[in-house]
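S.K.: Predicted structure and sequence below. I'll ask about it afterward.
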Amino acid sequence: MPLQDRILGHFKSSAQAKLEAADTLVPAIEAAARLIVHSLAQGNKIMACGNGGSAAHAQRLVSLMINRFEQERPGLAAMALTGDSSTLTSIANEHSFDQVFARQVKALGQPGDILFAISASGNSPSVLQAVAAAHARNIHVIALTGRNGGGLAEQMTDHDVFLCVPTESAARIQEVHLLVIHCLCDAVDSVLLGVEE
């Protein structure tokens, strides 16, 4: 296969994955945006976590909340549990890597906060442990995952929001995850700035 055809195939596959996910994700993104706005209005914060590419997405979300997306507004309270290398390596070394996010949730999370948990497979042990810690502290969870949702799907409660990209390719899942994050930031801004309708 010519290389340009292969590259074009990725573009088409990415676009198709986004279109196929839209019907299920759009209502869930709205629910997540409203949960975030409600939580922030109560003086709470967002904590985000994930591994690898999902860690990058967690940090992207937090940077857009603290700084801005496409409209100027005051910064929103958010923190990435992925960025402090001293904390992460200390927990991994003295306990286990599975606890790197959960111990931070236990130390920093308060009832009414939101844990934004990202795992393309839904089976990342460190993310699953973070969700368990969040639930134990009455922290809402917004889960961003793919495939069939894995273990994350099993952990969801009626108070959580489940965003699952129904495709098998990790690359396509992560591409849709970035779109979800951008849609979510735009939706939050629209509600906060009164341009919802």
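M.R.: In hand now; what should we look at?
S.K.: helix/strand/coil for residue 180?
M.R.: In three-state terms, and counting by DSSP: H, G, I helix; E, B strand; the rest coil, residue 180 is helix.
S.K.: how many other residues sit next to it?
M.R.: 24 (other Cβ atoms under 10 Å). C-betas here are computed from N, CA, C, even on glycine.
S.K.: What pLDDT is listed against it?
M.R.: Here the pLDDT value assigned to residue 180 is 98.
S.K.: ok now do it, which residues does it touch?
M.R.: By Cβ atoms under 8 Å, 6 or more residues apart in numbering, the contact list for residue 180 reads 25, 29, 144, 163, 165.
S.K.: in the sheet, who's paired with the closest residue to residue 54 other than its chain neighbours?
M.R.: Closest residue to residue 54 apart from its sequence neighbours, by Cβ to Cβ, 6 or more residues apart in numbering: residue 118 at 3.9 Å. Taking DSSP bridges as the rule, residue 118 bridges to residue 144.
S.K.: so which of the contacts of residue 180 is the most crowded?
M.R.: Most crowded among the contacts of residue 180, counting by other Cβ under 10 Å, is residue 144 at 33 neighbours.
S.K.: can you pull the pLDDT of that one?
M.R.: 98.
S.K.: And the longest helix along the chain, how far out from the chain middle?
M.R.: Ranked by number of residues, the top helix in the chain under DSSP state H is helix 3-41. Chain-centre distance of helix 3-41: 12 Å, with Cα atoms, centre = their mean, to the nearest Å.
S.K.: so after that helix, what's the next helix or strand?
M.R.: Using DSSP states H and E, the helix or strand that follows helix 3-41 towards the C-terminus is strand 46-49.
S.K.: who touches that next one?
M.R.: 36, 39-40, 55, 58-59, 61-62, 65, 76-82, 101, 104-105, 108-109, 113-118, 126-127, 130, 139.
S.K.: Helix, strand, or coil at the residue nearest to residue 67 when sequence neighbours are not counted?
M.R.: Nearest non-adjacent residue to residue 67, counting by Cβ to Cβ, 6+ apart: residue 75, 6.6 Å away. For residue 75, the assignment made with three-state DSSP gives coil.
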